[in-house]
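Engineer: sequence-free structure coming up:
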Ligand code: NDP
């Protein structure tokens, strides 16, 4: 089977030469293990951070070793009780065609309950991030005005819709194209949305939020966070979920320049990691799958085909080629 290795550490934007797709022997499962053929791979923004050799909340990718990440696959051989060929599993041995894994490190998933890609998107890690960010971190209240950046992406699109469904009085989103902006207002039910490439974020947010904002779900950082600090009402709450505008930067960011506003407005800016919120998982799946069934929440996925296109899909996601979750399918 083939697997992706990081072969050099990118500085700034990664280039295809930083990665190599290598053929390796498939190892048969030892006692307590399963052999999995991967069907769908997740590519995620946090993986960019793992390409740097710095101490962070996840270990860096090792050079010349298989990269990893979330994936859904099918058991093809089992030496573990409770697993049989044909079973579908969610696990963290992505970026490769075949994985031999301890059964304790894989989670069964059902193709009858949801499309398998949903376990990487709307019912998966990005979905829980949106849910936990609003429920646990922002402590969303009915009547809040909510601003979401990266709003046509996996986390942002779901965060905006959950805010609407949980009683926000107004939901505003920003995204990087007019087409994405239309998706937000016409399909996701955002009250207002703007294209951050079409003009200054601060001016566009001020126009979209004449009464200010109470919650900011930050996926972007930089000038978006600066604009949100300006727009905040007193006691506003920012969920610092990610800062994708900076992941490929080689210089420290210039914004936000107005952090002092946190004092006068008594703002709360709280960073989050989805892994701290696993106890919300059952409630999250129950609530979100009900909204999907009733049609109140919709989601998009952008699917690239073939293991050889994984790096391009990852880089494309960083550039905004995706709408909703970016996934690589190996089923073609
Ligand atoms: P997305 O599906 O949102 O894909 C990334 C998107 O980022 C692109 O589609 C692009 O959309 C946008 N983007 C890229 N560069 C910029 C830029 N310079 N300014 C504004 N937008 C940009 O990815 P995810 O939903 O998986 O992740 C969204 C955010 O959430 C990331 O910051 C990620 O790190 C974070 N995250 C944090 C977690 C946590 O536990 N804290 C867990 C999961 C995700 P566009 O066309 O609109 O530019």
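Structural biologist: Perfect, I can see it now. Predicted, not measured: the structure shown is a model, and the values here were computed from it.

Engineer: Near the ligand, which residues of the chain are found?
Structural biologist: Applying Cβ under 6 Å from any ligand atom, we find that the chain lies next to the ligand at 44-46, 126, 129, 150, 152-156, 175-177, 180, 219-220, 241-242, 244-245, 272-274, 317-318, 320, 322, 325. (Glycine included, C-beta is placed from N, CA and C.)

Engineer: so which residue of the stretch 51-200 of the chain comes closest to the ligand?
Structural biologist: The ligand sits closest to residue 153 of the stretch 51-200 of the chain, with a gap of 1.8 Å, by Cβ to the nearest ligand atom.

Engineer: who's in contact with that residue?
Structural biologist: 175, 219, 322-325 (Cβ atoms under 8 Å, 6 or more residues apart in numbering).

Engineer: before we move on, the earlier item: from the residues of the chain next to the ligand, keep the buried residues only.
Structural biologist: For the residues of the chain next to the ligand, a burial check counting by 16 or more other Cβ atoms under 10 Å picks out 44-46, 126, 129, 150, 152-156, 175-176, 180, 219-220, 241-242, 244-245, 272, 274, 317-318, 320, 322, 325.

Engineer: which ones among those residues are found in strands?
Structural biologist: Using DSSP state E, the subset of those located in strands is 175, 325.

Engineer: Just the buried ones among the residues of the chain next to the ligand: which are in helices?
Structural biologist: Mapping those onto helices (DSSP state H) picks out 46, 126, 129, 154-156, 180, 317-318.

Engineer: Which pair in the residues you listed has the greatest spatial separation?
Structural biologist: Greatest spatial distance in those: 46 and 180, 21.4 Å, computed using Cβ to Cβ.

Engineer: buried stuff in stretch 98-115?
Structural biologist: Within stretch 98-115, judged by 16+ other Cβ under 10 Å, the buried ones are 98-101, 103, 106, 109, 114.

Engineer: and the residue nearest the centre of the chain, how far is that from residue 27?
Structural biologist: Taking Cα atoms, centre = their mean as the criterion, residue 126 is the residue nearest the geometric centre of the chain, at 4.1 Å. Distance, residue 126 to residue 27, by Cβ to Cβ, to the nearest Å: 30 Å.

Engineer: Dump the buried residues of stretch 98-115 to TSV, plus pLDDT and secondary structure.
Structural biologist: What follows is those, written out as TSV (pLDDT from 0 to 100; DSSP: H, G, I helix; E, B strand; the rest coil):
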residue	pLDDT	secondary structure
98	98	strand
99	98	strand
100	98	strand
101	98	strand
103	98	helix
106	98	coil
109	98	strand
114	96	coil
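
Engineer: mind putting the residues you listed in a markdown table, distance to residue 86 included?
Structural biologist: Compiled in a markdown table, the buried residues of stretch 98-115 are given as follows (distance: Cβ to Cβ, whole Å):
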| residue | distance to residue 86 |
| --- | --- |
| 98 | 16 |
| 99 | 16 |
| 100 | 17 |
| 101 | 16 |
| 103 | 15 |
| 106 | 14 |
| 109 | 13 |
| 114 | 17 |
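
Engineer: surely residue 250 meets residue 11?
Structural biologist: Yes - between residue 250 and residue 11 there is a contact under Cβ atoms under 8 Å: 6.5 Å.

Engineer: who has more neighbours, those two?
Structural biologist: In this view residue 250 and residue 11 are compared by other Cβ atoms under 10 Å, and residue 11 has more residues nearby, 12 against 7.

Engineer: contacting residues for the more buried one?
Structural biologist: Residue 11 is in contact with residue 250, counting by Cβ under 8 Å, 6+ apart.

Engineer: In terms of helices and strands, where is it?
Structural biologist: Per DSSP states H and E, residue 11 falls between elements, in no helix or strand.

Engineer: Next, work out how far apart it and the ligand are.
Structural biologist: Applying Cβ to the nearest ligand atom, to the nearest Å, one obtains 17 Å for the distance of residue 11 from the ligand.

Engineer: Could I get the pLDDT score of that residue?
Structural biologist: pLDDT recorded at residue 11 is 96.

Engineer: Can you tell me how far it is from residue 57?
Structural biologist: 21 Å.

Engineer: Could you report the pLDDT at the closest residue to the ligand within the stretch 201-332 of the chain?
Structural biologist: Closest contact between the stretch 201-332 of the chain and the ligand, by Cβ to the nearest ligand atom, is at residue 242 (1.9 Å). Residue 242 carries a pLDDT value of 98.

Engineer: For it, what are phi and psi?
Structural biologist: phi -170, psi 170 (degrees, to the nearest 10).

Engineer: quick one: contacts for the residue lying closest to it once chain neighbours are set aside?
Structural biologist: Once flanking residues are discounted, residue 242 sits nearest to residue 219: 4.9 Å by Cβ to Cβ, 6 or more residues apart in numbering. By Cβ under 8 Å, 6+ apart, the contact list for residue 219 reads 148-150, 153, 155-156, 241-244.
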